[in-house]
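> Give me a 3D structure for the following:
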Amino acid sequence: MTQAPMLSMTGFGRATKTVGAWTVLIEIRSVNHRGLDVRIRMPSGAGSLAIEEALRQAVAARVKRGAVTLAVHVTPNPGLATAPSQDIAHEVEVAAQYLAALQAKAHALACAPPALDVVWAAIHASPRQGAGGHGTAMSFSGGADGAALSAAISEVAVAALAELLEARRREGLTIGDDLASLCDKLRERLAAIAGMAAVAPARAAAQLANKIHLLAGGGRRKSRA
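So this is what the prediction gives:
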């Protein structure tokens, strides 16, 4: 029966891909753990929870033990930071939320609320959480941009996982070689002990007989070759 190769529980994997106005970078690392503990870190955005669950399942399908942390980084590409999002519905929803908040504030201050075009310009001029500095909303679902970004994250995750598993395999081979060397040394020690144990009874018997002979008044007996 062929023994399965030893796998280490520690390792690291990294992969990246550029898609449209975004660059996706995924880093995954694992350390020792009694079972499987998966933690996903990724930017917030529409559809992010569904992707997080898909990533969790992808890790569980390939890794059986270890504390695994998978981090998703999505950053804008240089020169494309102001590229308009194709997920217009999401952009309009965000603009409406900004406008409602500003109208409420304007009412509290008894001043005129800003126009919609001013709100829209302000949204695109300032980064928001999860956008990695991008002026447009990050969405992982809906529209061509969202579908492409979601597919890229899945693809990069598979590549990063493959690199992690290879790192765990290589370290497992090193650990296996170290253990094999220790086992060889242990077998050598056991063989030496067994050799000593084979002659120990006869040697002890000769020493005992010599002491009895001395106690009986005889001279020291010559040991037998």
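> Tell me the pLDDT of the spatially most central residue of the chain.
In the chain, the C-alpha nearest the mean C-alpha coordinate belongs to R29, at 2.4 Å (C-alpha atoms, centre = their mean). The model reports R29 with a pLDDT of 94.
> in the protein, which helix or strand is least confident?
One helix or strand of the chain scores below all others by mean pLDDT, DSSP states H and E: helix 116-125, with a mean of 60.
> and L164, which of the three is it?
For L164, the assignment made with DSSP: H, G, I helix; E, B strand; the rest coil gives helix.
> Report how many residues lie close to the closest residue to it other than its chain neighbours.
Using C-beta to C-beta, 6 or more residues apart in numbering and skipping the chain neighbours, the partner closest in space to L164 is G13 (3.2 Å). Yep, even glycine has a C-beta here, placed from its N, CA and C like the rest. G13 is flanked by 22 other residues according to other C-beta atoms under 10 Å.
> and if you look at P76?
Counted with other C-beta under 10 Å, P76 comes out at 21.
> thinking it is in contact with W22, fair?
Yes - the criterion here is C-beta atoms under 8 Å, and P76 meets it with W22 at 6.3 Å.
> wait, is F12 part of a strand?
Yes - going by three-state DSSP, the assignment for F12 places it inside a strand.
> Show me the beta-bridge partners of the closest residue to it other than its chain neighbours.
Among residues not flanking F12 along the chain, R29 sits closest, at 4.7 Å (C-beta to C-beta, 6+ apart). Listed by DSSP bridges, the beta-bridge partners for R29 are F12, T69.
> picking up where we left off before, what sits against the residue nearest to the centre of the chain?
Shown in contact with R29 (C-beta atoms under 8 Å, 6 or more residues apart in numbering): G11, F12, G13, V68, T69, L164.
> just the buried members of these?
G11, G13, V68, T69, L164 (16 or more other C-beta atoms under 10 Å).
> Verify the contact between the first one and T174 for me.
The reference is to G11. No - using C-beta under 8 Å, G11 is not in contact with T174, being 11.9 Å away.
> wait, P43 sits on V74?
Yes - look at P43 against V74 with C-beta under 8 Å: they come within range, at 5.3 Å.
> In terms of neighbours, single out the busier of those two.
Per other C-beta under 10 Å, whichever of P43 and V74 has more neighbours is V74, with 23 against 16.
> Can you classify that one by secondary structure?
Under three-state DSSP, V74 comes out as strand.
> how close does it sit to H107?
According to C-beta to C-beta, to the nearest Å, V74 and H107 sit 36 Å apart.
> Check R169 too.
63 Å.
> At which residues are the helices of this structure located?
Taking DSSP state H as the criterion, the chain contains helices spanning 48-62, 88-108, 116-125, 143-215.
> got TSV for those helices, with distance to L36 too?
As requested, those are arranged in TSV below (distance: least, C-beta to C-beta, whole Å):
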stretch	distance to L36
helix 48-62	6
helix 88-108	34
helix 116-125	41
helix 143-215	13
